[in-house]
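Trainee: Build me a model:
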Amino acid sequence: MDTQTHGSEVITGRSLGESCGIVALAESIPVGYRLVQSLRIIQHRGQESSGISINTGKVLKNYKGMGLVNEVFSGVKIEKDTGIGIGHIRYSTAGSSTLENAQPLYANIGKFEIAIGHNGEIVNALQLKRSLESKGYSFATNSDTEVVMKLLSIELSKTSDPVLSMKNTFKKLVGAYSLNLMINQRVFVARDPNGIRPLVVGTTEFGYGAASESVVFDQLNGKMIRDVRPGEIVEIKKNEFDSFMYNESSKTAHCMFEYVYFARPDSVVDGRSVFETRMELGRILARESPVKGADCVVAVPDSARTHAQGYAEESGIPLTEGLIKNRYVDRTFIMPEQAGRESELDIKLNPIRQLIEGKKVVLVDDSIIRGNTTRKIVKMLKKYGAKEVHLRIACPPVRFPCYLGIDMKTKDQFIAANRSLKEINAKLGADSLRYISLEGLIEATSLGKENLCLGCLNDKYPVRIGSH
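Mentor: The predicted structure follows:
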């Protein structure tokens, strides 16, 4: 299997990025503003750029910009549409942080207009791009999504059949992709053969749709119907949806980080409640790594709240609101540069001295990547009088890069790479440090080791990566 080699030769203009979010709607009323509403629901998946594409009955119209959904669409008058459209929020994994790379991307190839959004990362994008460039094709962005767009455009010019063109295109891709596409008056979504990134279909109050997370349907007065199957293309219509399989692989590799961190706790991902999974991660962590004589359990807000709740319930140690979060500050993990993450943390969290002073604290976090945030929180708690701080982490040590759509590209980013538990804790300054076991993580998801992507934990990826 041909793949892109990661290292010095990458398609991206920078090496950091995160998961994105996509939505697609086909309704009996105009969907422009409802797409914006849907993107706001999954804003946690990306804060870099936002965009929608709608069909006005004459043309596909794109609206997109850099920033949060509210920032991009504040005061924007969206043209009336025919009830179909797609939306995207982005945090770059392949392609630099510029407006040119904001999605959905658009192309006009004669009788076809195409808009496309992508959550994931195409591992062999550079190789595919070079092949196309050798044939005379040029590129306006450095996004792997444009590679998909170009391949699809070529196939459409050959067959004029959108479904067949997508099937032929997707068979050339290696990596993780949940895609939403609008081709003239038709709306589609598709998922890679391993189902690495999440994607669901459901009803809304006025029709049907698809989204990265099930919460979209909860808040559009509809309901989730099912996950998009790995290797499936789904056409979203106003009264139904149609399914087309292009790869019926029996192997899945759902991203474990969706359960640990990315997805909202009120979402259901691949048949498993994210809330219940995180509760179970906390319970298992408490059984595996108790803290004798602890006074309170404190969560790193907001992503570790549910893990901490599970830990507290299992251990019998009271859960305390020891850290208060400024909710107008971005999630530090998905901020593009370390300097930004460091400065934002100073105004993001503040301890309540009365709740932690003189206490033996169990500090629960969802995961540790770089360790800079964790180190500062431990220091902050001790500054405010915590007698002891014992770190308990609801994800095993992240030691290896992710090439499939998460902000973890090089091993030198990871505090756990090439360090023992004792050495990691020495960097963090806690009184003790314990991670949940890999077996505990797998047990909590109830999906089985064979159905999870655990590459960043064990260096075993569901697709071939470079020399792997």
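
Trainee: Quickly list what the nearest residue to I116 once chain neighbours are set aside is bridged to.
Mentor: Excluding the flanking residues, the one nearest I116 by C-beta to C-beta, 6 or more residues apart in numbering is L181, at 5.0 Å. Heads up, the C-betas are built off the backbone N, CA and C, glycines and all. Beta bridges link L181 to I116, F188, judged by DSSP bridges.

Trainee: now the farthest one out in the protein, which residue is it?
Mentor: The outermost residue of the chain relative to its centre, with distances by C-alpha atoms, centre = their mean, is G358 at 38.2 Å.

Trainee: so is that residue in a helix, a strand, or just coil?
Mentor: Taken by DSSP: H, G, I helix; E, B strand; the rest coil, the conformation at G358 corresponds to coil.

Trainee: measure it to E388 for me?
Mentor: Separation of G358 from E388 (C-beta to C-beta, to the nearest Å): 10 Å.

Trainee: One more: G87?
Mentor: 47 Å.

Trainee: Between these two, which has more neighbouring residues?
Mentor: Taking neighbours as other C-beta atoms under 10 Å, G87 and E388 compare with G87 leading, 33 against 17.

Trainee: Next up, the contacts around the more buried one.
Mentor: 22-24, 35-36, 38-39, 50-53, 104, 117, 180 (C-beta atoms under 8 Å, 6 or more residues apart in numbering).

Trainee: again, but for V378
Mentor: For V378, the residues meeting the contact criterion (C-beta under 8 Å, 6+ apart) are 363, 389, 391, 428-430.

Trainee: I'd assumed H118 was in contact with the residue nearest to I116.
Mentor: No - the pair L181 / H118 is not scored as a contact, 9.5 Å apart, by C-beta atoms under 8 Å.

Trainee: quick one, which of the two is more surrounded?
Mentor: Neighbour count, other C-beta under 10 Å: between L181 and H118, H118 has more, with 32 against 26.

Trainee: Can you tell me which of the contacts of G87 is closest to R399?
Mentor: Using C-beta to C-beta, the shortest approach to R399 within those belongs to I22, at 29.5 Å.

Trainee: Could you verify that that closest one is part of a strand?
Mentor: Yes - in this structure, I22 lies within a strand as judged by three-state DSSP.

Trainee: quick one: it and Y33, what's the gap?
Mentor: Distance of I22 to Y33, given as C-beta to C-beta: 17 Å.

Trainee: Which one of these two is surrounded by more residues?
Mentor: Comparing I22 with Y33 by other C-beta under 10 Å, the one with more neighbours is I22, at 34 against 15.

Trainee: Can you check the pLDDT for the more buried one?
Mentor: Looking at I22, its pLDDT stands at 98.

Trainee: where's it relative to G429, distance?
Mentor: From I22 across to G429, the span is 40 Å (C-beta to C-beta).

Trainee: again with V215
Mentor: Using C-beta to C-beta, one obtains 36 Å as the distance from V215 to G429.

Trainee: So the two - more neighbours on which side?
Mentor: Neighbours around V215 and G429, counted as other C-beta under 10 Å, are more numerous at V215. The numbers are 22 against 16.

Trainee: follow-up on the earlier one: so the residue farthest from the centre of the chain is in contact with K387, correct?
Mentor: Yes - applying C-beta under 8 Å as the test, G358 and K387 come out as touching, 5.5 Å apart.

Trainee: lowest-pLDDT helix or strand in the protein?
Mentor: None of the helices or strands of the chain scores lower by mean pLDDT, DSSP states H and E than helix 338-348, at a mean of 60.

Trainee: after that helix comes which helix or strand?
Mentor: Scanning forward in sequence from helix 338-348 by DSSP states H and E, the next helix or strand is strand 349-351.

Trainee: for that following strand, what is the average pLDDT?
Mentor: Averaged across strand 349-351, the pLDDT comes to 93.

Trainee: so where's the stretch 351-468 of the chain uncertain?
Mentor: Per-residue confidence of the stretch 351-468 of the chain (counting by pLDDT under 70) places the weak regions at 407, 467-468.

Trainee: So which residues of it form helices?
Mentor: Defined through DSSP state H, counting those that start in this stretch, the helices belonging to the stretch 351-468 of the chain, from first to last, are 353-356, 372-383, 421-428, 438-445, 455-458.

Trainee: Name the surrounding residues that touch the last one.
Mentor: Translated: helix 455-458. 256-257, 395-404, 406, 408, 438, 441, 461-462, 465.

Trainee: let's go with 6 Å and repeat that
Mentor: In this structure, residues lying in contact with helix 455-458 by C-beta atoms under 6 Å, 6 or more residues apart in numbering are 396, 398, 400, 402, 408, 461.

Trainee: Now, the contacts of V378 that are in strands?
Mentor: With strands taken from DSSP state E, the overlap with the contacts of V378 comprises 363, 389, 391.

Trainee: Compare those residues and tell me which has the most neighbours.
Mentor: Among the ones in strands among the contacts of V378, L363 has more neighbours than the rest - 28 neighbours, counting by other C-beta under 10 Å.

Trainee: so that residue touches R392, yeah?
Mentor: No - under the criterion of C-beta atoms under 6 Å, L363 makes no contact with R392, lying 7.1 Å away.

Trainee: related to what we said a few turns ago, nearest to S143, of the ones in strands among the contacts of V378?
Mentor: Closest approach to S143 among the ones in strands among the contacts of V378 (C-beta to C-beta): L391, at 37.1 Å.

Trainee: OK, contacts around I369?
Mentor: When the contact criterion is C-beta under 6 Å, 6+ apart, the partners of I369 are V398.

Trainee: how near is it to K409?
Mentor: Counting by C-beta to C-beta, the separation of I369 from K409 is 11 Å.

Trainee: Break down the stretch 1-150 of the chain into its helices, ranges please.
Mentor: Going by DSSP H, counting those that start in this stretch, the stretch 1-150 of the chain shows helices at 32-41, 69-73, 125-134, 144-159.

Trainee: how about these, which one is nearest S267?
Mentor: helix 32-41 (9.9 Å).

Trainee: contact partners of the closest one?
Mentor: Contacts of helix 32-41 with the rest of the structure, by C-beta under 6 Å, 6+ apart, involve 23, 50, 52, 54, 69, 73, 78, 81, 85, 87, 89, 215-216, 219.

Trainee: List only buried entries from those.
Mentor: 23, 50, 52, 54, 69, 73, 78, 81, 85, 87, 89, 215-216 (16 or more other C-beta atoms under 10 Å).

Trainee: Now tabulate the contacts of helix 455-458 in TSV and tack on distance to I225 and neighbour count.
Mentor: Output for these, formatted as TSV (distance: C-beta to C-beta, whole Å; neighbours: other C-beta atoms under 10 Å):
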residue	distance to I225	neighbour count
P396	33	22
V398	33	25
F400	35	21
C402	29	23
M408	32	25
Y461	30	23
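
Trainee: and which of these is nearest K135?
Mentor: When these are compared for distance to K135 (C-beta to C-beta), Y461 comes out closest, at 29.4 Å.

Trainee: how much space is there between that closest one and E439?
Mentor: Look at Y461 and E439: by C-beta to C-beta, they are 20 Å apart.

Trainee: Equivalent analysis for N194, please.
Mentor: Applying C-beta to C-beta, the value for N194 to E439 is 22 Å.

Trainee: One more: A125?
Mentor: When C-beta to C-beta is applied, the distance between A125 and E439 equals 34 Å.
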